[in-house]
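Participant: Sharing a sequence plus its predicted fold:
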Amino acid sequence: MELLSVIRRWHCRDHLPIREIERRTGLSRNTIRKYLRAQSIEPRFQVPERPSRLDPFADRLRGWLVLEAARPRKNRRTARRLHEDLVALGYDGSYGRVAAFIRQWKHEQRQARQTTGRGVFVPLCFQPGEAFQFDWGEDWAIIAGHRVKLQVAHTKLSFSRAFIL
């Protein structure tokens, strides 16, 4: 937020008192003090946990989604159909909440598939001149009208990824 940087600049660089910053911004002195004490760049507002009407049905819906994922694509129930089945069980919430739950579940499943079963990835970092890869190869060239077989040393520098032949 630009306002936080302005408040800090006025207070720290321009040495304006908090009352003057209050007058210029319209914020309360307590809020200005809180922003000046905070180490973060922008304020974080915590959203309280609120129970959803879907919470009592969440486990059942999760189970249905697991079963539906195992079925062929053409035979799966749509989100609309799953909502109707929940309504038949006594759910009185909206379709939008069920659709959001399904989207979140699919996202979590996609994340789980991408991160499991692939082993551990360790990024390789090299300092200049620390390591290289080397291999021999053969190639043909025409030199002075004659076809000549060449023995070529292939070197790849690990830091810059440059090839040297």
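Facilitator: Cool, the structure landed.
Participant: Can you mark which positions in the longest helix belonging to the chain are buried?
Facilitator: Longest helix of the chain, by residue count under DSSP state H: helix 95-115. Residues of helix 95-115 classed as buried: 98, 101-102, 105 (neighbour count, 16 or more other C-beta atoms under 10 Å). Every C-beta, even on glycine, is put in place using the N, C-alpha and C of the backbone.
Participant: now swap in stretch 14-29 and tell me
Facilitator: Neighbour counts over stretch 14-29 (16+ other C-beta under 10 Å) mark 16, 18, 21-22, 27 as buried.
Participant: Show me how far stretch 62-81 is from its chain's centre.
Facilitator: Here the centre of stretch 62-81 is set off from its chain's centre by 26 Å, with C-alpha atoms, centre = their mean, to the nearest Å.
Participant: tell me what the one helix or strand in the chain whose mean pLDDT sits lowest is packed against?
Facilitator: Counting by mean pLDDT, DSSP states H and E, the chain has its least confident helix or strand at helix 2-8, which shows a mean of 83. Contacts defined by 3 or more C-beta pairs under 8 Å, 6 or more residues apart in numbering; DSSP states H and E place helix 2-8 against helix 18-25, helix 29-37.
Participant: now those helices as TSV including mean pLDDT and distance to residue 51?
Facilitator: Below are the helices and strands packed on helix 2-8 laid out as TSV (pLDDT from 0 to 100; distance: least, C-beta to C-beta, whole Å):
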stretch	mean pLDDT	distance to residue 51
helix 18-25	92	37
helix 29-37	88	30
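Participant: In CSV: the ones you listed, plus distance to residue 134.
Facilitator: Converted to CSV, the helices and strands packed on helix 2-8 look like this (distance: least, C-beta to C-beta, whole Å):
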stretch, distance to residue 134
helix 18-25, 64
helix 29-37, 57
